[in-house]
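Novice: Give me a model of this one.
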Amino acid sequence: MALLRKKVKKLEALQRELAQKIEKLYEDAVIDNLLSRDAYTAQKARLVEQRDEAHRAETEIQAELFELTRDRSIYMEQYQRYADIEVLPGDAIADLLDRVTVWPDGRLEVSLKFTDELPALAGTGREMKAAE
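Specialist: From the prediction side, this is the model:
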């Protein structure tokens, strides 16, 4: 997710840079009369297309980030519902536990569903707080 956020920042910077180039191009063509109308129109069209493409790419990545965050929050809600309880009700067992193994020596081994998501979810919470 951090890589996607970096890409978004780069695309935002590219869009700002292209907007500045478009503004400079306008100044050169209209105010300083350094470019012909045809040259201005062609260059502006090229810069606008690049800016629009960067915006489309940013929008796609933002949507992907939203989906990743939304999917993770569903798992987090699943676990947080039962955070402060002493005994798991039957529906919680079905929601949270993958299996429970009782060993001959009395040890219990509890395997949770979604354990591969927990480290990432913990990071997501910190990232969201840092962003606020």
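Novice: Going by C-alpha atoms from here, please, whenever you check contacts or count neighbours.
Specialist: Noted.
Novice: how about low-confidence regions in the chain?
Specialist: Applying pLDDT under 70 to the chain flags residues 71-83, 114-132.
Novice: From the chain's centroid, how far away is the lengthiest helix in it?
Specialist: Scanning the chain for the longest helix, with DSSP state H as the assignment, gives helix 37-80. Chain-centre distance of helix 37-80: 10 Å, with Cα atoms, centre = their mean, to the nearest Å.
Novice: repeat for stretch 86-97
Specialist: 31 Å.
Novice: If you count neighbours, what's buried in that stretch?
Specialist: Leu96 (16 or more other Cα atoms under 10 Å).
Novice: Can you give me the end-to-end span of it?
Specialist: Taking Cα to Cα, to the nearest Å, stretch 86-97 runs 15 Å from one end to the other.
Novice: Now for Ile22: which residues touch it?
Specialist: By Cα atoms under 8 Å, 6 or more residues apart in numbering, the contact list for Ile22 reads Lys44, Leu47, Val48.
Novice: so what's the first one up against?
Specialist: Under the criterion of Cα under 8 Å, 6+ apart, the contact partners of Lys44 comprise Ile22, Leu25.
Novice: neighbours of Glu58, just the number please.
Specialist: Using other Cα atoms under 10 Å, Glu58 has 21 neighbouring residues.
Novice: tell me the SS of Asp84?
Specialist: The three-state assignment at Asp84 reads coil, by DSSP: H, G, I helix; E, B strand; the rest coil.
Novice: and what of Asp98?
Specialist: Assignment for Asp98 (three-state DSSP): strand.
Novice: Any idea how many residues pack against it?
Specialist: Around Asp98 there are 13 other residues, counting by other Cα under 10 Å.
Novice: what sits against it?
Specialist: Val110, Ser111, Leu112, Lys113.
Novice: Serialize those residues to TSV and add fields for secondary structure.
Specialist: Below are the contacts of Asp98 laid out as TSV (three-state DSSP):
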residue	secondary structure
Val110	strand
Ser111	strand
Leu112	strand
Lys113	coil
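Novice: just the buried members of the residues you listed?
Specialist: Lys113.
Novice: which one of the contacts of Ile22 sits closest to Leu97?
Specialist: Nearest to Leu97 out of those is Val48 (Cα to Cα; 53.2 Å).
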